[in-house]
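Peer 1: turn this into a structure:
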Amino acid sequence: MHTSFTKEDKRTHYALELSAANIGERVSVLGWAQRQRDLGSLIFIDLRDRTGIVQLAFDDSCSEEIFNAAFGVRAEYVIAARGTVRRRGEGAVNPNLPTGEIEIAVDAFKVLSSAETPPFAIVENSDVKSELRLAHRYLDLRRPDMQQNIIKRSMITNIARNYFADHGFIDIETPCLIKPTPEGARDYLVPSRLHHGKFYALPQSPQLYKQLLMYSGFDRYFQIARCFRDEDLRADRQPEFTQIDLEMSFADEEDIIAVNEGFIKRIFDEFMHMPLEIPFARMTWHEAMERYGSDKPDLRIDLTVQDMTALVAGSEFAPFAAGNTVKAVVVPDCTMARKAIDKLCADVEVQAGSKPYWFKVDEQGSFAGGIAKFLTDKTAEITAALGLKPGCFVGVTAGKKTAAQKAAGVLRTKLGTAVPG
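Peer 2: Residues are numbered from 1 along each chain as shown. As a prediction, the model looks like this:
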């Protein structure tokens, strides 16, 4: 029996490819030591690769050379092992591990590379500061959740390529060093060595190139496109990003919607294993703005925007003056404290650029707090129109129609995600 792992001993399985179905088979595995447990006459090492963890077992059947090598293993050593898959002993099964029913009885083993003690544990959902993680990015990317994010992205990319190829799209790579073009953000500039004093721009999108491709007769184009925009960071923006970019000729609105709905369905079917029914529910832009105050509303929030412009006509409250639109968002059974309300209003004003207002409905059905004093003569009408009941909180926005809608949309989102009911 060979006691050392040699270059001829290639990997036969990744960790999560092993299960009880492999009991009795001889296998070879390669990876990193997650941890080592020394029980005296028995040593266990959790070997981790990109798929997960499998347990290596070393006992008195191993050679002294192998046992000593296993004894010296520490976290993040790169190791190779060959042995026989066997069922774990009674009481040793780990139900929290996909391979928790089995282990590998090692008969050939090698430390391929030793390692210093890492600056943080290579575990899922690390609470280590991002600065430390980024300083040791190669270690951070070993963590299972980080690796799974990258693997999942690769899987989705493959599904996208297959889907669009199935629907007649041609994958075409467009240039990254281009002439600056007018877009919504600033370009990143790259100096030219051959043309002194001149610069290339990095593409904010492949917009012009895909239009040229349509002129050229490539009636269906797509690309997993790298885009660059020199703008400040925001929650949904970053300087460098990837998008699935496509263009179609001889197509109308319904064709474009059908292709994209089909793609989303394929992603959910094959990747999420969640079958979706298409076509999806649709609404017009005007309906979205009226009901939700946004053209991309979060429909998981069970709140809508209601119009109360006519209800407050003639009010002495200046923001309700004639010509302004007034919107309301009603939250039933709301117990927000005044401090929380003030913070909510301040946050909405910062994000929407328009100040919101509010009032509550007390136990007697009267309006209280906020702008309630301007509404006392309209209590019955407003209560009936908005369907108010005791305990309701009513957020109000006012101004020109677009501004009032936008502020109401922000208010709706804030109320739906942050307010205790």
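
Peer 1: going by C-alpha atoms from here, please, whenever you check contacts or count neighbours.
Peer 2: OK.

Peer 1: end-to-end on stretch 18-37?
Peer 2: End-to-end span of stretch 18-37 (Cα to Cα, to the nearest Å): 21 Å.

Peer 1: mind listing what's buried in that stretch?
Peer 2: 18-19, 26-36 (16 or more other Cα atoms under 10 Å).

Peer 1: which of those sit farthest apart?
Peer 2: Maximum pairwise distance in the buried residues of stretch 18-37, criterion Cα to Cα, is 22.8 Å, between 26 and 35.

Peer 1: any idea how far stretch 151-170 is from the chain center?
Peer 2: Chain-centre distance of stretch 151-170: 19 Å, with Cα atoms, centre = their mean, to the nearest Å.

Peer 1: CA atoms of it as CSV?
Peer 2: What follows is stretch 151-170, C-alpha atoms only, in CSV (Å, rounded to 0.1, in the frame of the first residue of the first chain):
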residue,chain,number,x,y,z
ILE,A,151,-20.1,30.2,-8.4
LYS,A,152,-23.8,31.2,-8.6
ARG,A,153,-23.0,34.2,-10.7
SER,A,154,-21.1,31.8,-13.1
MET,A,155,-24.2,29.5,-13.2
ILE,A,156,-26.5,32.4,-14.0
THR,A,157,-24.2,33.6,-16.7
ASN,A,158,-24.2,30.2,-18.3
ILE,A,159,-28.0,30.1,-18.2
ALA,A,160,-28.1,33.5,-19.9
ARG,A,161,-25.8,32.5,-22.7
ASN,A,162,-27.7,29.3,-23.4
TYR,A,163,-31.1,31.1,-23.2
PHE,A,164,-30.2,33.9,-25.6
ALA,A,165,-28.5,31.5,-28.0
ASP,A,166,-31.6,29.4,-28.0
HIS,A,167,-33.6,32.5,-29.0
GLY,A,168,-31.4,33.4,-31.9
PHE,A,169,-29.1,36.0,-30.2
ILE,A,170,-25.5,36.3,-31.3
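
Peer 1: what's the average pLDDT for it?
Peer 2: Per-residue pLDDT values over stretch 151-170 give a mean of 97.

Peer 1: test my guess that residue 404 contacts residue 395.
Peer 2: No - Residue 404 is beyond contact range of residue 395, at 11.7 Å (criterion: Cα atoms under 8 Å).

Peer 1: now the helices for this structure?
Peer 2: Counting by DSSP state H, residue ranges of the helices within the chain are 64-71, 130-135, 137-140, 144-166, 207-215, 253-267, 285-292, 338-352, 379-386, 401-418.

Peer 1: rebuild those helices as JSON lines, extending it with mean neighbour count.
Peer 2: JSON lines is the format used below for these (neighbours: other Cα atoms under 10 Å):
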{"stretch": "helix 64-71", "mean neighbour count": "17"}
{"stretch": "helix 130-135", "mean neighbour count": "12"}
{"stretch": "helix 137-140", "mean neighbour count": "15"}
{"stretch": "helix 144-166", "mean neighbour count": "15"}
{"stretch": "helix 207-215", "mean neighbour count": "15"}
{"stretch": "helix 253-267", "mean neighbour count": "15"}
{"stretch": "helix 285-292", "mean neighbour count": "18"}
{"stretch": "helix 338-352", "mean neighbour count": "15"}
{"stretch": "helix 379-386", "mean neighbour count": "14"}
{"stretch": "helix 401-418", "mean neighbour count": "22"}
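
Peer 1: out of the ones you listed, which gets nearest to residue 361?
Peer 2: helix 379-386 (9.0 Å).

Peer 1: show me what contacts residue 171?
Peer 2: Shown in contact with residue 171 (Cα atoms under 8 Å, 6 or more residues apart in numbering): 161, 165, 221-223.

Peer 1: switch the cut-off to 6 Å
Peer 2: Residues in contact with residue 171 (Cα atoms under 6 Å, 6 or more residues apart in numbering) are 222-223.

Peer 1: tally of neighbours for residue 50?
Peer 2: Number of residues near residue 50 (other Cα atoms under 10 Å) recorded here: 16.

Peer 1: run through the residues that contact it.
Peer 2: By Cα under 6 Å, 6+ apart, no residues touch residue 50.

Peer 1: adding distance to residue 357, write the buried residues of stretch 18-37 out as JSON lines.
Peer 2: Converted to JSON lines, the buried residues of stretch 18-37 look like this (distance: Cα to Cα, whole Å):
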{"residue": "18", "distance to residue 357": "61"}
{"residue": "19", "distance to residue 357": "61"}
{"residue": "26", "distance to residue 357": "71"}
{"residue": "27", "distance to residue 357": "68"}
{"residue": "28", "distance to residue 357": "67"}
{"residue": "29", "distance to residue 357": "64"}
{"residue": "30", "distance to residue 357": "62"}
{"residue": "31", "distance to residue 357": "59"}
{"residue": "32", "distance to residue 357": "58"}
{"residue": "33", "distance to residue 357": "58"}
{"residue": "34", "distance to residue 357": "55"}
{"residue": "35", "distance to residue 357": "57"}
{"residue": "36", "distance to residue 357": "60"}
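
Peer 1: out of the residues you listed, the closest to residue 125 would be?
Peer 2: Nearest to residue 125 among the buried residues of stretch 18-37, with distances taken as Cα to Cα, is residue 34, at 15.3 Å.

Peer 1: per-residue confidence at that closest one?
Peer 2: pLDDT for residue 34: 97.

Peer 1: before we move on, what about the one 5 residues further on?
Peer 2: Residue 39 carries a pLDDT value of 93.

Peer 1: and it, how far from residue 222?
Peer 2: Residue 39 is 57 Å from residue 222, by Cα to Cα.
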